[in-house]
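> from the sequence below, what's the structure:
(one chain, ligands or ions: 3)
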Amino acid sequence: MSTVASIPLSSLRRANVGVPETRWTATAVAELFELPFMDLLFRAQTVHRQHFNPNEVQLSTLLSIKTGGCAEDCGYCPQSSHFDTGLEASKLMPLDEVLEAAQAAKAQGATRFCMGAAWRSPKERDMERVSAMIQGVRDLGLETCMTLGMLDGEQAQQLKDAGLDYYNHNLDSAPDFYGQIISTRTYQNRLDTLSNVREAGINVCCGGIVGMGESREQRAGLIAQLANLDPYPESVPINNLVAVPGTPLADAEPLDPFEFVRTIAVARVTMPTTMVRLSAGREQMDEALQALCFAAGANSIFYGDRLLTTSNPQAQRDRRLFERLGLSPQGDRPAVVGEAA
Ligand code: SAM
Ligand code: DTB
Ligand code: SF4
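Ligands and ions are numbered 1, 2, ... in the order given. This next block holds a predicted model:
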């Protein structure tokens, strides 16, 4: 029988042998949501300060490299071919245009460039082209992220070999709500892609959307799923639904803004070292609400006037907000981890 000491560290981690594991049940996460707002905020800010400089926010810029005409039926998405949102579908963007956009993002101060394609999954012929994009963006000195839909193990390895730093693939909602939003891809499909990405050694970016009509318990269920991934994602985007006319969720009741802040705080408490990204929906938020999200532990944003197909605050406006709050973009000066500035 092998002793713990003779087992390689990597398999120890996988099997959790000898490592006490903190598991978050949906009930325990729901209890965090139930805390008085100020107590939850204090708890999240305390955890945040143990791991990050609270006055730094990481900036990622998004580019849609292939827009619209998607075969999936995600009920929130303007790019699905199942709904008429008036969006014009386009082909995969040429490499030089992608690199031009990446250069512009870098000049504006972004440190990560995220490329998104409206695909169920990439085809073989696409892999070479996206690999060239990864290499080109890396050569500009930016971190790379892609979101291309489902990946099998081989595709994940190809992206890793091209130098991809992060892959974004969201769980989107709790398992018991998911079926009301998407029918063409299962929750398990998503978990399988995430495990292929992890196995290939690419950092995982995985989060979800709130404001789709889910209950608080279901928001807790989503966070519990994310926090129980082993290990939990390096980056967790929390999107507030952008209700786009023509999609089935066009008339969804907007979420109470404080509930959005709570979701950010609960993500921070349950995943202390992850980058929590205040993602879609910022254009619809006022600046005081965004400041509360940063106080709740959000430390990353999408930066630039477009998300994939919808608008995002102008970069100049974000810079002004940062100035007013005394925030600086991550990477501007050395991070002070574990110490209040
Ligand atoms: N097609 C790929 C996929 O679904 O994996 C990648 C692109 S997809 C647009 C990336 C993510 O954007 C979705 O998983 C969803 O979380 C988010 N998203 C899409 N439409 C949104 C909307 N209207 N409001 C908020 N988030 C949205
Ligand atoms: C994520 O979680 N949010 C981003 C990114 N990953 C790819 C996308 C938000 C899209 C919002 C709707 C749109 O602009 O089309
Ligand atoms: Fe397609 Fe992604 Fe939109 Fe779903 S979220 S319809 S997979 S682009």
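> use CA for all of it now, contacts and neighbours both
Will do.
> distance of residue 161 from residue 304?
Using Cα to Cα, to the nearest Å, residue 161 is found at 28 Å from residue 304.
> so for these two, which sits in the more crowded spot?
More neighbours surround residue 304 than the other of residue 161 and residue 304, with 24 against 15 (other Cα atoms under 10 Å).
> got the contact list for the more buried one?
By Cα atoms under 8 Å, 6 or more residues apart in numbering, residue 304 lies in contact with 61-62, 105, 312-315.
> drop anything exposed from those residues.
Among these, those classed as buried by 16 or more other Cα atoms under 10 Å are 61-62, 105, 312-313, 315.
> and those, which of them are in helices?
105, 315 (DSSP state H).
> which one of the buried ones among the contacts of residue 304 is nearest ligand 2?
Nearest to ligand 2, judged by Cα to the nearest ligand atom, of the buried ones among the contacts of residue 304 is residue 62 at 6.9 Å.
> was I right about the closest one contacting residue 113?
Yes: counting by Cα atoms under 8 Å, residue 113 is a contact partner of residue 62 at 6.1 Å.
> returning to what we had before: now the buried ones among the contacts of residue 304 in TSV, with distance to residue 292 and pLDDT?
Listed next are those as TSV, based on distance: Cα to Cα, whole Å; pLDDT from 0 to 100:
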residue	distance to residue 292	pLDDT
61	22	97
62	23	98
105	26	95
312	18	97
313	17	96
315	19	95
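> identify the bridge partners of the most centrally placed residue in the chain.
Against the mean C-alpha coordinate of the chain, by Cα atoms, centre = their mean, the closest residue is residue 237 at 2.7 Å. Applying DSSP bridges to residue 237 gives these bridge partners: residue 277.
> paired strands for the top strand by length along the chain, with orientation please.
Of all segments of type strand in the chain, defined using DSSP state E, the longest is strand 56-66. Under the criterion DSSP bridges, strand 56-66 sits next to strand 112-117 (parallel), strand 300-302 (parallel), strand 328-329 (parallel) in its sheet.
> can I get those strands in CSV with distance to ligand 2, mean neighbour count and mean pLDDT?
Compiled in CSV, the strands paired with strand 56-66 are given as follows (distance: least, Cα to the nearest ligand atom, whole Å; neighbours: other Cα atoms under 10 Å; pLDDT from 0 to 100):
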stretch, distance to ligand 2, mean neighbour count, mean pLDDT
strand 112-117, 6, 24, 98
strand 300-302, 8, 24, 96
strand 328-329, 19, 18, 94
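> thanks a lot, catch you later.
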